[in-house]
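> Just need the structure, nothing else, for what follows:
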Amino acid sequence: MVYWDTSALACMIANEPKAAQIADWVAVAVRAGDTRLSSWITSSWGDAELASALAIIERRAHGSQAGAAQLNWLKWAAAKAANAWHIRPVIEADFVIAANLCLAPSAAPLRAGDALHLAIASRTGASHFLTLDTNQARTAVGLGMGLIAL
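Residues are numbered from 1 along each chain as shown. Predicted structure coming up:
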């Protein structure tokens, strides 16, 4: 299963610059029929972070995309309702793992939210990780996950 970080989700849903690359990867993964790549997971933490990211994207557009965040949120809700996603809960142990990832002296510098995504992905058995964040990608590989390179 591929764990989608919020950076990739927000990019795809809001049709940001790398969205076409992500869409191409999705099409190839689905056509290939590889269930490791065509089964997608994220976390309940991702919902809160995605709402924030969509609102930030809308604000950066300086009013030219009024209502875009709400519309994009509805697209996300529809995708979840169609059972296209497996949403994993956050548990107490995830916070402990995330803190350890942030404090690891040899690790790439991580924000707490990025470390939390990695902890959840690791705990839930994600085989691959999709992110647009370089430090998070490096850490995912170090945790044994395959990286979806775009």
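> Tell me where the model's unsure across this protein.
Within the chain, the stretches with pLDDT under 70 are 36, 62-66.
> show me where it has strands.
2-4, 40-43, 85-88, 128-130, 146-147 (DSSP state E).
> so of these, which one's packed in deepest?
Among the strands of the chain, strand 2-4 has the highest mean neighbour count (mean count of other CB atoms under 10 Å), at a mean of 26. (Glycine included, C-beta is placed from N, CA and C.)
> which residues sit against it?
29, 36-37, 39-42, 46, 117, 120-121, 124, 126-130, 145, 148 (CB atoms under 8 Å, 6 or more residues apart in numbering).
> ditto for stretch 26-36
So stretch 26-36 is contacted by 1-2, 37-38, 127-128 (CB under 8 Å, 6+ apart).
> can you check stretch 51-65 too?
6-7, 9-10, 13-14, 16, 66-69, 72-73.
> Next, format the strands of the chain as TSV and append distance to Ile97.
Conversion of these to TSV gives the following (distance: least, CB to CB, whole Å):
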stretch	distance to Ile97
strand 2-4	14
strand 40-43	13
strand 85-88	13
strand 128-130	15
strand 146-147	19
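> With respect to Trp25, which of those lies nearest?
Of all the strands of the chain, it is strand 128-130 that lies closest to Trp25, at 8.0 Å by CB to CB.
> Strand partners (parallel or antiparallel) of the closest one?
Strand pairing for strand 128-130, using DSSP bridges, gives strand 2-4 (parallel), strand 146-147 (parallel).
> could those strands be laid out in TSV, adding distance to Ala104?
Listed next are those as TSV, based on distance: least, CB to CB, whole Å:
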stretch	distance to Ala104
strand 2-4	19
strand 146-147	18
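> Tell me which of these sits nearest to Ala93.
So among the strands paired with strand 128-130, strand 2-4 is nearest, using CB to CB, at 16.4 Å.
> buried sites along the helix ranked longest in the chain?
Assignment by DSSP state H gives helix 44-60 as the longest helix of the chain. Judged by neighbour count using 16 or more other CB atoms under 10 Å, the buried positions of helix 44-60 are 45-47, 49-51, 53-54, 57-58.
> One more: stretch 17-25?
22, 25.
> Convert that stretch to CSV, retaining C-alpha atoms only.
Extracted in CSV, the C-alpha atoms of stretch 17-25 (Å, rounded to 0.1, in the frame of the first residue of the first chain):
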residue,chain,number,x,y,z
PRO,A,17,2.0,22.3,-10.5
LYS,A,18,3.0,18.6,-9.9
ALA,A,19,-0.5,17.3,-10.1
ALA,A,20,-0.1,16.1,-13.6
GLN,A,21,3.0,14.0,-12.6
ILE,A,22,1.0,12.5,-9.7
ALA,A,23,-1.9,11.7,-12.0
ASP,A,24,0.4,10.0,-14.5
TRP,A,25,1.8,7.9,-11.8
